[in-house]
Structure formats: structure tokens, C-alpha cells
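# Structure for this input, please:
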Amino acid sequence: MRFVHPDRPAAVRHDRRRVLALGAGLALSALLPSGALAQRAAMPFPQWVEHFRARARARGIDDEVYTRVMRGVKPDTSVYALDAAQPEFNEELWQYLNRRVSDWRIGVGRERARQYASLLGRIEREYGVDRHIMLGLWGMESAFGEVVDNRKLMRPVIPALAALAWGDPRRRRYWEQELLNALVIIQRGWSTPEEMTGSWAGAMGHTQWMPEVWLNMGVDFDRDGRISPFAPDDALAGTARYLVARGKYRRGEKWGHEVRLPARFNTKLADRRTWRTVAAWEKLGVTRADGKPSRNHGMRARLWLPVEGGPAFLLGQNFYAVRSYNPSYNYALAIVHLGDRIAGADGFVQPFPGGERVPTLAELQEIQKRLTALGFDTGGVDGRVGRDTMRAVQAFQRRAGMEPADGYPGLKVLNRLRQGL
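Okay, the predicted model is just below:
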């Protein structure tokens, strides 16, 4: 996906641990021609559509609705080759964070904080989820809604889910359920097939809901008579509800904080499993990295040291609530760190070994401008790093003999561009 906007949105959201595991199954299908997996289906697609009608009836979907939605649907067989679990570029954690907690995202996040202050305040009062957590998640999932209507990134969901339900033998039951969920949403009048655009796996809207999440966690927060992830009010409120109901988010607690470890600290204690109170960690010499006094001494937290010699973190329950939305620790750290930066906090105190500082918006624009002048297509000069920019950087790195050719648009690439090939 060219990323006109900083990153591709997350692909799937219902029971995210289960769905992200689809990568193992789809990895093999990515090696096959686009129609090969479909050819293993039990019957031709039109016949399957009629066969599936009985499942829809059993779910309470009217024949008229089913016929209207499914008649003439052409399965989007390109989804078979899209393996969301295998990234095109291998990123170090510091690169992952730098690309996502960018000047552009921080700046737009602060604008959204002002623009949606009333909505975010209502969500805080109703669900107890800190507004900056919500802003960080919104920024990560859809670049604050900017990818929602981007047809280059989003595709019609019904043809995608129908193709997966018909032709993916490994996860067919899951995709069948999500297709049925989507049909229920349409029957309820909450959406139309034309409006339902999203990722290859069917995640939709500002915070990338799968149909199951839409049905079971959605909230009509704008009181217009329907629930929609394409409406900021409903999307953010429903996601806050998700964090509380499924992530066990705790009102009034912080997600955690960066810490400094004492000399000769037993790093085996940073096992991401052992809960201790903040006060108990402090007795072991674990202190806030910024030197400020700790709050919430009674808060239970786990210790995480992502990279030896880099920053360490105490992770409270609310970090894990965010992680319930996607099981990646890196993803959750990016969200909470982005939220902190939007709130006005500084970057991490302890740098990552071998890392670079985050390029400024102007520096990223300069990288894109220089690459474009050399004939590398970045998809625009907007300071937002996406697939096109990363592919252009990688091609430049290879031509310039830079190792590794990782596609990361950082300061080393900028300096080399300034020197010329």
C-alpha cells in the first residue's frame, strides 16, 4: 500500500490475536498464483453463493438482502496473495517507532486533540479511556481518518470477504462468520456494500473494525440511529468500549513509563510476565528515566527491556489493554508513545543502540524531493513515509551500495543524498 499517509492501517481487528495468526496460513498462498487457492474451493463461486444462502438464512438474513448484496459479486481473488503478517521491510524497533511517532503524526494529533476536544472528553467520562491513548490509536490505525476514503489503500469489503470465505481452506470458517457479520450489518441498515471499504481482510473505518467488532463493540455515539466506524464519534467510542470490555482498561491509570535500571541489574527480571507494584520495582532500583517522582506506587506493572542497552519500560494494565487491539508489543508502544508526544511529552530519555533521532518533517520532505529528482517515485513530497517512499529509499540504497538496504528514510540516507550518488 503507497502510503500517502504514514503507514498502512492494521489489517484485522476481531480477536486480533487469532486473526494476525492468519499470516502463517496466507504465507503459503502468497507463493501461489492469485487464482490457485480459489481453484481448491469445493465448487464454482456462483454455485457457492447459492449454497451459502442457507447459512445466511440461518443467521436471520432475509433472502432479499442476500440477493441484493451477493448477486453479481465478483470475488476479489487478489486477497489470496496479500500476507499481512510478512512485512515488506524489516525494521528495527527504533525505525518502527520513528516512522510512526513522526512530526507529521504528532502535529496532526495535536490538531485533532483541539478539533475533537468535546468528543474526546465525552469518551473519557463515559469509558474512562485517556484521550491521548485514543489519539495515538486513531493515528496508528488510519492516520486520523485520512486513509478511510483512499481507494488506493482500501477495497470493497464484501468481494474480499466473499473470496476468503469461498477460497481460503485454512480459515474458511472464520471468513464465513465475518461475511455473515457484514451481511447482518447491511440488513440492520447500518451500512451499504458500497460504503463498506477497508483492508484486504475486511477491517474498516477510523479505527479499523472487523465486522464482528462493529456488531458487538460498536456504539451509536453520535445518536444518528446507526453505528458506523466511518463516523469519528462512533469509531472512537466503540474502540474505547473495546479497550475496557476486552482489554480491561483501568480508569485513571497510566499505561506505564520509561524507567532507568540500576548498574548490574538482573535483566532476567524484565520478563514481561512478573507483576510487581511500582513501589516494589523501585525497591529493586528501577526509577523513572526522566527523574520525576513516580505516581501510582500501588499500580501493578511488568518490566520490559526491548533491546539490550536501550530504553526500558514499566508496563501497566492499560498498556496491555492497548495491546489487546493488536498483540504486537511494538505496536502498543508506538500508540502509547504517540499519545504521550501529542500530550506534550518529550521522546525517550535512553536512546536505542545504533538508532537515529526522528527526522523532522522538513528533512523527510527533502529526502522525498531529492529522491524524486533522481528518478525514484516517492508518491509525493509530503513528509509522510509510506510504501512508495520506502521502496524509493530502498532502490536508492541499492544503487548507492548502502547496507542494509532497509528502505528506512533516515539521516544516513539524507546525508548520502546530499553527497550525491
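
# CA atoms for contacts and neighbours, from now on please.
Noted.

# List the buried residues in stretch 157-171.
Buried residues in stretch 157-171, counted by 16 or more other CA atoms under 10 Å: Val157, Ile158, Pro159, Ala160, Leu161, Ala162, Ala163, Leu164, Ala165, Trp166, Gly167, Asp168.

# Which one of those is nearest to Phe45?
Trp166 (7.0 Å; CA to CA).

# pLDDT score assigned to the nearest residue to Leu417 once chain neighbours are set aside?
Spatial nearest neighbour of Leu417, chain neighbours left out: Arg370 (6.8 Å); criterion: CA to CA, 6 or more residues apart in numbering. At Arg370, the model reports a pLDDT of 97.

# And for Arg370, the neighbour number?
Residues near Arg370, counting by other CA atoms under 10 Å, number 18.

# can you list contacts of whatever helix or strand it lives in?
In the assignment (DSSP states H and E), Arg370 maps to helix 361-373. Helix 361-373 has contacts (CA atoms under 8 Å, 6 or more residues apart in numbering) with 102-104, 377-378, 380-385, 389, 392-393, 396, 409-410, 413-414, 417.

# distance between whichever helix or strand comes after that helix and the chain's centre?
Next helix or strand after helix 361-373 toward the C-terminus (DSSP H and E): helix 387-400. How far helix 387-400 lies from its chain's middle: 23 Å, per CA atoms, centre = their mean, to the nearest Å.

# Could you pull out the helices in the stretch 51-200 of the chain for me?
Taking DSSP state H, counting those that start in this stretch, the helices of the stretch 51-200 of the chain run over residues 63-70, 93-100, 103-115, 117-127, 131-142, 157-167, 172-187.

# And those: which comes nearest Pro293?
helix 131-142 (21.4 Å).

# Show me what the closest one is packed up against.
Counting contacts by 3 or more CA pairs under 8 Å, 6 or more residues apart in numbering; DSSP states H and E, helix 131-142 is packed against helix 103-115, helix 117-127, helix 232-245, helix 329-342.

# List the strands paired with the next helix or strand after the third one, with their directions.
So that's helix 232-245. Next helix or strand after helix 232-245 toward the C-terminus (DSSP H and E): strand 256-260. Under the criterion DSSP bridges, strand 256-260 sits next to strand 287-288 (antiparallel), strand 312-316 (antiparallel) in its sheet.

# Give me the mean pLDDT for strand 256-260.
Mean pLDDT, strand 256-260: 97.

# Tell me where the model's unsure across the protein.
1-40, 83-88 (pLDDT under 70).

# Please spell out which residues along stretch 170-185 are buried.
Buried-residue list, stretch 170-185, by 16+ other CA under 10 Å: Arg172, Trp175, Glu176, Gln177, Glu178, Leu179, Leu180, Asn181, Ala182, Leu183, Val184, Ile185.

# For that stretch, which outside residues touch it?
With CA under 8 Å, 6+ apart as the criterion, stretch 170-185 contacts 22, 25, 56, 59-61, 65-66, 69, 158, 161-162, 164-166, 191, 210-212, 215.

# repeat that for 6 Å
With contact meaning CA atoms under 6 Å, 6 or more residues apart in numbering, stretch 170-185 is reached by Leu161, Leu164, Ala165, Pro211, Glu212.
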